[in-house]
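Peer 1: Predicted coordinates and the sequence they were generated for:
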Amino acid sequence: MTKLDVAAEPVSVSIPFPQRIMQDIQDAYLSDDRPWVVGFSGGKDSTALLQLTYYAIARLPRDKRRKPIFVLSSDTRVETPQISARIKHELELIQAAAERDGLPLTTHLVFPKLNDTFWVNLIGRGYPSPTNHFRWCTDRLKIYPVSDFIEKVVSRSGSVVVVLGARMDESQTRGQTLRRLTILGQRFRPHADLPRAWVYTPIEELTGNDVWIYLLQVPSPWGSNNKALVGLYKQAGGGECPLVIDTSTPSCGNSRFGCWTCTVVDRDKSMEALIDSGEEQLVPLLNLRDHIKAIRDTPGMRYDHRRNGTVPIRRGTDEAMTNTGPFTHQTRMDLLRRVFEAQRESGIQLIEGDELKMIQEIWNKEENDHPGKPDIPADAVNRIWDHVLKGVPMLTETAKYDHLSAEDQLLREVCEQLQVPFEMMRRLRDIEEEYGHLKRRHGLPEEMREVIRSEVGK
């Protein structure tokens, strides 16, 4: 890898902002001792932000590069495969370049906890497909992993600066949010949710055209190909993203990348556009996503009672609402079968062995706790797997699991020593984890009391 020449201008840049922004980044970096966490999603805005940051810090004298910079990316485990692969490749390039150039920069990829993954909650617990009114996925898949990482940095350093590639013209809502939170004369503003975390948005005044022109005029300091990123946006935009050559050329608009399983939107236009551009292996994923969305309101696919046993009443009446609980176990088993089939047809690994293990454990517990529900085979996951994918080596060794995790095996040993019912303690732990991230824990004490009463009544 060739060492970055930071003494010379990478190219003759015809837009005025790079030097101004890099100077501001340098001033911000040198202004205090708080470490930085730079958000990197692999899209155009975060790529431009990180590129400007990299050049700015690389031009500082070595003795002034004194505080760490954590480049943080998040993988929900249901990212669009092309984006997931790009992020992992980019992080490898960035880390290697930082070591080559002597930058105090490290890359980090965070994932949701196993208990929070999309498949564990959709198929394991039967959570209905996410909607605008019940978007249970955002916190679990995206916010918690990033927040946990930032909180760990804060616990070690006392405070942190979170550097984001947010822009005013990205959307009307984003612009209003940035203006509302801006403190006149202040470079940093408090994070809305995380104590002792401050937010810095150095490219907030740039337009989408500014970003594209910069990326195409200034080479990546870690050796990536920014034109390939343009091509990816063009694919996902259905061919509507032109080659940006100057400020008169319109940008790629509002192309978005995210979870391919997202059912909050009516149609996944990015996935459809990728398929239209030749990524035909994504067809099974799109079909599965559409099915997950469609069955949310299909009669008979969900239980009438909620997970806490209640049956909601239609507002203003005494009429019980039906099909408003979690997916039935028959529906969940069918969903798992469809995931395996989509995995086989696409050649893309969609679900991991640790998730299968957790799903089986949840089903086992629910069968024991709710004997009135349909029978679930003790090895339902393996049976479905064998039926759909027998002889197809799609999963890693983690798919060959026993029914007790290492954590549960330890819990069982402790319970045996203390002569405490293992299943009761495991169920109490699971309830606590399920409610753990919620701001309001309404219903938690009742569920715990019910578990204990059922054990005492045996």
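Peer 2: Arrived safely, thanks for sending. Residues are numbered from 1 along each chain as shown.

Peer 1: Go through this protein and flag its longest helix.
Peer 2: Determined from DSSP state H, the single longest helix within the chain is helix 81-101.

Peer 1: Which strands and helices lie in contact with that one?
Peer 2: Helices and strands touching helix 81-101, by 3 or more Cβ pairs under 8 Å, 6 or more residues apart in numbering; DSSP states H and E, are helix 44-58, strand 69-74, strand 105-110, helix 226-236. Any C-beta I mention is one placed from the backbone N, CA and C, and that applies to glycine too.

Peer 1: residues of that helix that come out buried?
Peer 2: For helix 81-101, burial by neighbour count (16 or more other Cβ atoms under 10 Å) applies to 81-84, 86-87, 90-91, 93-95, 97-98, 101.

Peer 1: now that helix against strand 69-74, angle please.
Peer 2: Taking axes from the mean of the first three to the mean of the last three Cα atoms, to 10 degrees, one finds helix 81-101 and strand 69-74 inclined to each other by 170 degrees.

Peer 1: The nearest residue to Gln26 once chain neighbours are set aside: neighbouring residues, count only.
Peer 2: For Gln26, ignoring the flanking residues on the chain, the nearest one in space by Cβ to Cβ, 6 or more residues apart in numbering is Ala56 at 5.0 Å. For Ala56, the neighbour count with other Cβ atoms under 10 Å is 22.

Peer 1: can you pull the contacts of the spatially most central residue of the chain?
Peer 2: With distances taken as Cα atoms, centre = their mean, the residue of the chain nearest its centroid is Thr76 (3.1 Å). By Cβ atoms under 8 Å, 6 or more residues apart in numbering, Thr76 lies in contact with Phe111, Pro112, Phe118, Cys137, Leu141, Lys142, Cys259.

Peer 1: and the gap between it and Val146?
Peer 2: Thr76 is 11 Å from Val146, where distance means Cβ to Cβ, to the nearest Å.

Peer 1: With Leu411 instead?
Peer 2: 29 Å.

Peer 1: What is the burial count for Asp33?
Peer 2: Neighbour number of Asp33 under other Cβ under 10 Å is 10.

Peer 1: So it, which state does it fall into?
Peer 2: Following DSSP: H, G, I helix; E, B strand; the rest coil, we place Asp33 in the coil state.

Peer 1: my guess is it contacts Lys67, does it?
Peer 2: Yes: applying Cβ atoms under 8 Å, one finds Asp33 in contact with Lys67, separated by 5.8 Å.

Peer 1: Pull out the buried residues from the helix or strand where Arg449 lies.
Peer 2: Assigned by DSSP states H and E, Arg449 falls within helix 444-456. The neighbour-count check on helix 444-456 (16+ other Cβ under 10 Å) flags Leu444, Glu447, Met448, Val451 as buried.

Peer 1: Pull up the gap between the residue nearest to the last one when sequence neighbours are not counted and Cys137, please.
Peer 2: What that stands for is Val451. Distances taken as Cβ to Cβ, 6+ apart place Arg427 nearest to Val451, at 5.0 Å, with adjacent residues excluded. To Cys137, Arg427 is 24 Å away according to Cβ to Cβ.

Peer 1: now swap in Asp193 and tell me
Peer 2: Using Cβ to Cβ, Asp193 is found at 18 Å from Cys137.

Peer 1: between those two, who's got more neighbours?
Peer 2: Using other Cβ under 10 Å, the more surrounded residue of Asp193 and Cys137 is Cys137, with 24 against 9.

Peer 1: what residue ranges in the stretch 201-350 of the chain are flagged as low confidence?
Peer 2: Applying pLDDT under 70 to the stretch 201-350 of the chain picks out residues 237-257, 307-309, 316, 320.

Peer 1: residue boundaries of the helices in the stretch 351-458 of the chain?
Peer 2: 353-369, 380-389, 406-418, 422-435, 444-456 (DSSP state H, counting those that start in this stretch).

Peer 1: for the stretch 151-300 of the chain, same thing?
Peer 2: In the stretch 151-300 of the chain, the segments counted as helices under DSSP H, counting those that start in this stretch are 172-181, 208-217, 226-236, 269-276, 283-294.

Peer 1: in the stretch 351-458 of the chain, which ranges drop under the pLDDT threshold?
Peer 2: 368-374, 390-409, 433-443, 457-458.

Peer 1: can you do 80?
Peer 2: The stretch 351-458 of the chain contains residues with pLDDT under 80 at 366-378, 387, 389-410, 423, 426-427, 430-447, 450-451, 453-458.

Peer 1: Just want the angle from the longest helix of the chain to helix 226-236.
Peer 2: Counting by the same axes, to 10 degrees, helix 81-101 lies at 170 degrees to helix 226-236.

Peer 1: Pull the distance from helix 81-101 to the chain's centre.
Peer 2: From the chain centre to the centre of helix 81-101 is a distance of 17 Å (Cα atoms, centre = their mean, to the nearest Å).

Peer 1: which residues touch that helix?
Peer 2: Under Cβ under 8 Å, 6+ apart, the answer for helix 81-101 is 1, 3-4, 6, 40-42, 47, 50, 54, 58, 71, 73, 75, 79, 103-107, 109, 220-224, 229, 232, 257, 260, 274, 279, 282, 285, 348.

Peer 1: Using ChimeraX, define a selection of the buried residues within those residues.
Peer 2: Buried subset of those, written as a ChimeraX selection, criterion 16+ other Cβ under 10 Å:
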select :4,6,40,41,42,47,50,54,58,71,73,75,79,103,105,107,109,220,221,222,224,229,232,257,260,274,279,282,285,348
